[in-house]
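>>> I would like the atomic coordinates for the input below:
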Amino acid sequence: MQLNRQIICVFVFSVLFSSVSAQGISYKDEIAAWDKKRLASLKSENGWVNLAGLFWLKPGENTFGSDASNQVVYTGTGFPEKAGKFIVGEKEVKWISNTSSKVSIKGNIVTETVAFHIDSARAPQFSLGSYRWNIIKREDKIGVRFRDLNSAALNALTHISKYDADVKWKIKAVFEPTLFKTIPITNVLGQTTQQASPGRIVFEIAGKSYKLDALDEGPGDLFVIFGDDTNQDETYPSGRFIYVPRPDAKGVTYIDFNKSENPPCAFTSFATCPLPPRQNILPFRIDAGEKKTH
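All right, here's what the predicted structure looks like:
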């Protein structure tokens, strides 16, 4: 009888251990798949790693090409001396191609078109060989976001340093709606704007409650910009990003710090990243997610 009890206990322990191990492996596999997708996204055609320039335009005519006589100069291999010009008006930016350059949009050669309009959320992407560009607006600044699909940085980035995944950093949280629907967010240019914020993500660590203001960027997950004590040594100095699933009907969600990611500015100097608001700087270390990338 005693032997049978021992066998039963060993069997139960083995089942429980196997179950826990399977869950651990499954979670690590989930994080590994997330890491792979994350790296592929960064290196994709519309990712951050291929950025090769950010050129701020002035009102009026801005000629664009590799020749030093242009107002906007990019000297990359094969880029024409005079590709064309941007005409910046009060409400729109026009693009006019040089007669000898074959600039296109979605495969169609363009000679003249609207590159940006203040009433539109979209700006067409122009193509010329391996180069791509489009107009971005940051408050009162109008700029050209420029990409090189053959950028050496794409081959240089082979992995992103991370903390070892630990399921303890996947924390059950509650969504707390707030009365104020916007919060001020400042970017690396020093510009501060009001961003849509439906509420806060509330969670506990070591029995103490913490809150992070979330941003609403559309129909997908909630977006959180946060800082913590690892920013002083191991992670990107100005904080990290994390996406949090929208809460269920009971207001419950999970914040998974193993999926904390570097802002675009960690990979390129041609991004205009938002900074964490003061209330989102946690007073302890989050030893999870992405570390500094060199």
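>>> And this structure, what are its domain boundaries?
28-45+158-280, 51-150 (automatic domain parsing).
>>> Next, format those domains as JSON lines and append mean neighbour count, distance to residue 289 and mean pLDDT.
C-beta coordinates here come from the backbone N, C-alpha and C atoms, glycine included. Below are the domains of the chain laid out as JSON lines (neighbours: other Cβ atoms under 10 Å; distance: least, Cβ to Cβ, whole Å; pLDDT from 0 to 100):
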{"stretch": "domain 28-45+158-280", "mean neighbour count": "16", "distance to residue 289": "3", "mean pLDDT": "96"}
{"stretch": "domain 51-150", "mean neighbour count": "16", "distance to residue 289": "22", "mean pLDDT": "96"}
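>>> can you give me the helices for the stretch 51-200 of the chain?
152-156 (DSSP state H, counting those that start in this stretch).
>>> For the domains of the chain, please prepare CSV with the additional fields distance to residue 286.
Below are the domains of the chain laid out as CSV (distance: least, Cβ to Cβ, whole Å):
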stretch, distance to residue 286
domain 28-45+158-280, 4
domain 51-150, 27
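>>> Straight-line length of stretch 223-242, end to end?
Terminal residues of stretch 223-242 lie 6 Å apart, using Cα to Cα, to the nearest Å.
>>> chain center to it: distance?
From the chain centre to the centre of stretch 223-242 is a distance of 13 Å (Cα atoms, centre = their mean, to the nearest Å).
>>> what comes into contact with it?
185, 188, 201, 212-217, 243-244, 255-257, 259-263, 265-266, 273-277, 280-287, 289-293 (Cβ atoms under 8 Å, 6 or more residues apart in numbering).
>>> Kindly report the same for stretch 125-133.
Counting by Cβ under 8 Å, 6+ apart, residues outside stretch 125-133 touching it are 45, 52, 74, 76, 78-80, 83, 95, 101-105, 107, 110, 115, 134, 144-150.
>>> Let's see it as CSV, backbone CA atoms only.
C-alpha atoms of stretch 125-133 as CSV (Å, rounded to 0.1, in the frame of the first residue of the first chain):
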residue,chain,number,x,y,z
GLN,A,125,5.4,56.8,-51.3
PHE,A,126,7.7,57.7,-54.2
SER,A,127,10.1,55.2,-55.7
LEU,A,128,13.3,55.5,-57.7
GLY,A,129,15.5,52.4,-57.9
SER,A,130,16.1,51.1,-54.3
TYR,A,131,15.1,54.5,-52.8
ARG,A,132,11.7,55.4,-51.3
TRP,A,133,10.4,58.6,-49.8
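>>> Now, the contacts of stretch 223-242 that are in strands?
185, 201, 212, 213, 214, 243, 244, 255, 256 (DSSP state E).
>>> Quick one: the residues you listed as CSV, columns for distance to residue 224 too.
Listed next are those as CSV, based on distance: Cβ to Cβ, whole Å:
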residue, distance to residue 224
185, 11
201, 6
212, 5
213, 7
214, 5
243, 7
244, 6
255, 8
256, 11
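>>> Closest one of those to residue 29?
Nearest to residue 29 out of the ones in strands among the contacts of stretch 223-242 is residue 256 (Cβ to Cβ; 14.2 Å).
>>> now the closest one, which residues is it bridged with?
Beta-bridge pairing of residue 256 under DSSP bridges involves residue 170.
>>> which ones are touching the nearest residue to residue 86 once chain neighbours are set aside?
With Cβ to Cβ, 6 or more residues apart in numbering as the criterion, residue 86 has its nearest non-adjacent residue at 4.4 Å, and that residue is residue 62. Residues near residue 62 by Cβ under 8 Å, 6+ apart: 71, 72, 85, 86, 87, 88.
>>> The second one contacts residue 58, correct?
No - Residue 72 sits out of contact with residue 58 when judged by Cβ atoms under 8 Å, with a separation of 9.5 Å.
>>> quick one, what contacts residue 283?
By Cβ under 8 Å, 6+ apart, the residues touching residue 283 are residue 229.
>>> what about 6 Å?
Residues near residue 283 by Cβ atoms under 6 Å, 6 or more residues apart in numbering: none.
>>> can you tell me how far it sits from residue 277?
Separation of residue 283 from residue 277 (Cβ to Cβ, to the nearest Å): 15 Å.
>>> What of residue 159?
Residue 159 sits 30 Å away from residue 277, going by Cβ to Cβ.
>>> what do you get for residue 193?
From residue 193 to residue 277 the distance is 12 Å (Cβ to Cβ).
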